[in-house]
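> Got a sequence here, can you model it:
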Amino acid sequence: MVMDRILGGDAAATTPMFGSFIDGRLIDVDDRRPGDRLEVVDPATSRPLAWIAEAGEAGIARAVAAGQRAFPAWRATPARERAALVMELGRRIEAHADDLALLDALDTGNPITAMRADVTKGVRLLGDAAGMALAIRGEVFPLPGLHYTQREPWGVVGRMITFNHPTMFTCARLGAALVAGNCVIIKPSELAPLASLAIGELTAGLFPDGVVAVAVGGPTTGSALVTHPDVARLSFTGSTATALRIQAAAAASGRIKTFTFELGGKNPIVICPDVEVDEVAAAIVRGMNYTRVQGQSCGSTSRLVIHESIVAAVLEQVVELVGRIRIGSPTDPETEMGAMISEAARARCLEIIARGVAGGARLRAGGRAPVAPELATGAYLEPTVLDRVAPGSELADAEVFGPVLAALTWRTDAEAMALANEGPYGLTASVWTRDIDRAFRMADAIEAGYIWINDVETRFPAVPFGGWKDSGVGVEHGLDEILSFTRVKAVNLRVC
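Model (predicted):
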């Protein structure tokens, strides 16, 4: 098993090599041939964890064919029985929670305590999906004759996930699509595929062969999944730039595809002058996800839009709080902030910070690699805070996807809303005020798909999550996501 070979005692002596999980088993690979293979690296130490054989076009074709064979029987399986199997998968995952959390910590650089919470959330999301299985139903229309709709699964669907929450995202993407009656191909990020492969193995002997596949690879594998003629329904979590390439590839394939995209964000946290300084300072730090994924979250509230009368007091508290964050090895339970996913990701953040400072922004905290020698081999970056950020600048509008908070100030509510809506993104937003009328006015004015009032970062599984503008298409979570993995068929009977 993936968990045994990565976490076993001989892992340091030999770098294991894996294939994808297809048709109920982990594909054997010939490690004597280099072929098309990807190296999976621990970003906290730069140590190789595994080699992965690229699934590529052949692997995707094999996974789709297996799914097509399994689909008729899986579709005919009663929804209650499909839900029971999804629940059992959750129990299997929970039984391996510690190992999956450790895999995620090694694979992503995220703290193990946060990854343990991710496993718990993933299991809960599987249970939530299973609990809504009987809500998949059609309608009857009170017209002459008999007119009704029924919801039917698409068939073999593809779900492409990003690197920051491997276990949680794998669980979430499996649950909704499986309960709806689809066969599912998970395509994890090539940067962090190990937990997805391990979960694939946990489905063996539980679901019929072919119902679940995990196809690992880079852009070649992703393109093969997107363009396969028998995969009409897909979802992707990642960058807007990649989503545009996916749309172009789908169009070039000559087939109509239906997508859900959950993409980038430069999410505003709007702070009004009537708030408690201590409370909002803590919320600003929490919303940045410094201590879960090193700021590498599409939902991080990385654009601080704060009234000029309180900016000094609030930022003083924020700088103090981020200075207390304990940076360390992701596998240490005491660590609060781990390493970024790669050296390239850290370098990109440092370049954006440098350009921002050169353009007039002031660095208040971080902006450099930690000085501790034990962290020198990893892609670590201190939690960063900048103020005096110019509206319309790269720091103000671009998704940095790292631990970088940019502060902008305002005087009037109209200025605050202009800053909040600036730029191409519209995923999440947060508004902090004691004035309930002002709160609702701002929530109405902000162009984003998921808005908190006097809260931040909390996700509610039954509430649909999705972005506006360049932050996405469609929604995830709850019944909305499950129904999106069905198609509506209308049946009309004329009564003479």
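> ranges for the helices of the stretch 51-200 of the chain?
Remark: helices assigned in the stretch 51-200 of the chain by DSSP state H, counting those that start in this stretch are 56-76, 79-95, 97-108, 112-131, 166-179, 194-203.
> can I have the fifth one written out in CSV, keeping just the CAs?
Extracted in CSV, the C-alpha atoms of helix 166-179 (Å, rounded to 0.1, in the frame of the first residue of the first chain):
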residue,chain,number,x,y,z
PRO,A,166,-5.3,16.4,-0.7
THR,A,167,-7.3,14.2,1.7
MET,A,168,-10.2,16.6,2.3
PHE,A,169,-10.6,17.5,-1.4
THR,A,170,-10.4,13.8,-2.5
CYS,A,171,-13.2,12.9,0.0
ALA,A,172,-15.3,15.9,-1.0
ARG,A,173,-15.0,15.3,-4.8
LEU,A,174,-15.8,11.6,-4.4
GLY,A,175,-18.8,11.9,-2.2
ALA,A,176,-21.1,14.1,-4.3
ALA,A,177,-20.4,12.4,-7.6
LEU,A,178,-20.6,8.8,-6.2
VAL,A,179,-23.9,9.4,-4.4
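> I'd like the average pLDDT over that helix.
The pLDDT scores in helix 166-179 average 98.
> Just the terminal-to-terminal distance for stretch 213-230.
15 Å (CA to CA, to the nearest Å).
> what number of residues lie near Ala66?
22 (other CB atoms under 10 Å). C-beta: built from backbone N, CA, C; applies to glycine.
> tell me the contacts of it?
Ile22, Asp23, Gly24, Asp209, Gly210, Ala213 (CB atoms under 8 Å, 6 or more residues apart in numbering).
> now the fifth one, what's its secondary structure?
Secondary structure assignment for Gly210 (DSSP: H, G, I helix; E, B strand; the rest coil): coil.
> For the helices of the stretch 51-200 of the chain, give me CSV that also has distance to Gly356.
Supplementary listing: those in CSV, determined by distance: least, CB to CB, whole Å:
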stretch, distance to Gly356
helix 56-76, 40
helix 79-95, 41
helix 97-108, 26
helix 112-131, 27
helix 166-179, 30
helix 194-203, 34
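> rewinding a little: mind giving me the ChimeraX command for buried ones among the contacts of Ala66?
Remark: buried members of the contacts of Ala66, expressed as a ChimeraX selection using 16 or more other CB atoms under 10 Å:
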select :22,23,24,209,210,213
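> and of the contacts of Ala66, the nearest to Asp128?
Ala213 (22.9 Å; CB to CB).
> tell me, how many neighbours does the nearest residue to Glu201 once chain neighbours are set aside end up with?
Residue nearest to Glu201 in three dimensions, not counting chain neighbours: Met1, with 5.5 Å by CB to CB, 6 or more residues apart in numbering. Residues near Met1, counting by other CB under 10 Å, number 15.
> still on that earlier bit, redo the contacts of Ala66 as JSON lines? Include distance to Glu54 and pLDDT.
As requested, these are exported to JSON lines (distance: CB to CB, whole Å; pLDDT from 0 to 100):
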{"residue": "Ile22", "distance to Glu54": "13", "pLDDT": "97"}
{"residue": "Asp23", "distance to Glu54": "18", "pLDDT": "97"}
{"residue": "Gly24", "distance to Glu54": "20", "pLDDT": "97"}
{"residue": "Asp209", "distance to Glu54": "22", "pLDDT": "98"}
{"residue": "Gly210", "distance to Glu54": "21", "pLDDT": "98"}
{"residue": "Ala213", "distance to Glu54": "15", "pLDDT": "98"}
